[in-house]
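Student: Okay, here's the prediction I keep looking at, along with the sequence it came from:
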Amino acid sequence: MTTPRWTRPDTVPFPSVWRRFEGKRALEDGKVPNFWVQDVTDDLAEDVVAHMTEFFLRDEPLTSNVKVRDDPVSLREIQSLWREMIKQRVALVALTNGDKGPVIAGCNVTGVVYKSDKGKDTQYEGGPMKAVIAALEYICDNVDVFQRYGVNEYMTALGLSVQPAYRGQGIGIELLRARFDLGRAVGLKLTVTVFTAIASQILAHRIGMEVLAEVSYKDYLQDGQVVFQNMKTPSMKMMAKRIENVDE
């Protein structure tokens, strides 16, 4: 008997606000901003994609190293992937009030991975995108998450990003914590992500995610060559936590 694919329950309002919090320092206007984390709605989807294109692709170790943003094919492919993930209605955005309405302070493009899709390969045409996906698949192949945790689906992510003007306000960790608020509400029991930068790895450790696999960048080779050169972060880490075990 085929297990039905997870979908967001109609009983969980969309959009929902999952967290509200005060920032940690004043901005140029002398005021400490307030933020809230909510679901990414259809009207925010393209703004989130634009944010990820401008900031995440520039700052994230893998995508910046192989210059995904500079390759038109790879850029279209990763933007398309983000849009598909947002359609699953579990992506998160941190907002604050600006002069002309809400402003995106950060986002976490989260989505759902299904056991029934295991083994299905998506083909990418852009060279940089191929390099990034190959690295993520390489580390993920170290652990059968579905078997280890006894789940048919889990929440994953392809990008945690904070707008530079709002860094240092605690937005990154609140976005990660919001995963668990959302997950508990919609019936997802596990979150698994490959964290590629030191900053996000530290945040994941702080909320109790365990390391399932770790791959050093200097030891990750393709055709005998180091793929990601001159990396500031030593390694990428595949990390996970059962959602119901989070103590807030």
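Tutor: The structure has been received and is ready for your questions.
Student: what residues are up against the residue lying closest to Y166 once chain neighbours are set aside?
Tutor: Sequence neighbours aside, A105 is the residue nearest to Y166 in space, at 4.2 Å (criterion: CB to CB, 6 or more residues apart in numbering). The way it works is simple: take the backbone N, C-alpha and C, and place the C-beta from them, glycine included. Contacts for A105 (CB atoms under 8 Å, 6 or more residues apart in numbering) come out as 33, 35, 94-96, 162-163, 166, 169, 171.
Student: Buried residues, the one helix or strand A178 maps to. List them.
Tutor: Assessed by DSSP states H and E, A178 sits inside helix 171-186. Neighbour-count burial for helix 171-186 flags 171-183, 185-186 (criterion: 16 or more other CB atoms under 10 Å).
Student: And stretch 196-203, by the same measure?
Tutor: Neighbour-count burial for stretch 196-203, with 16+ other CB under 10 Å as criterion, is recorded at 196-197, 200-201, 203.
Student: shaky segments in the protein?
Tutor: Applying pLDDT under 70 to the chain flags the ranges 1-2, 119, 245-248.
Student: ranges for the strands of it?
Tutor: Under the criterion DSSP state E, the chain contains strands at 17-22, 34-39, 92-98, 101-114, 153-162, 190-195, 210-216, 221-222, 225-226, 235-242.
Student: The last one pairs with which strands, parallel or anti?
Tutor: According to DSSP bridges, strand 235-242 has the following sheet partners: strand 190-195 (antiparallel), strand 210-216 (antiparallel).
Student: bridging residues for the residue nearest to G208 when sequence neighbours are not counted?
Tutor: Nearest residue to G208, sequence neighbours excluded (CB to CB, 6+ apart): K241, at 5.8 Å. On the basis of DSSP bridges, K241 is bridged to T191.
Student: tell me the contacts of K241?
Tutor: Taking CB under 8 Å, 6+ apart as the test, what K241 contacts is 180, 190-191, 207-210.
Student: Next, format those as JSON lines and append distance to R148.
Tutor: What follows is the contacts of K241, written out as JSON lines (distance: CB to CB, whole Å):
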{"residue": "F180", "distance to R148": "19"}
{"residue": "L190", "distance to R148": "9"}
{"residue": "T191", "distance to R148": "14"}
{"residue": "I207", "distance to R148": "19"}
{"residue": "G208", "distance to R148": "17"}
{"residue": "M209", "distance to R148": "14"}
{"residue": "E210", "distance to R148": "11"}
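Student: List buried residues within those.
Tutor: Buried, going by 16+ other CB under 10 Å: 180, 190-191, 207, 209, out of these.
Student: of all the residues you listed, which two lie farthest apart?
Tutor: Within those, L190 and I207 form the most distant pair, 13.8 Å apart (CB to CB).
Student: re the thing from before, which one among the buried ones among the contacts of K241 gets closest to A45?
Tutor: T191 (21.2 Å).
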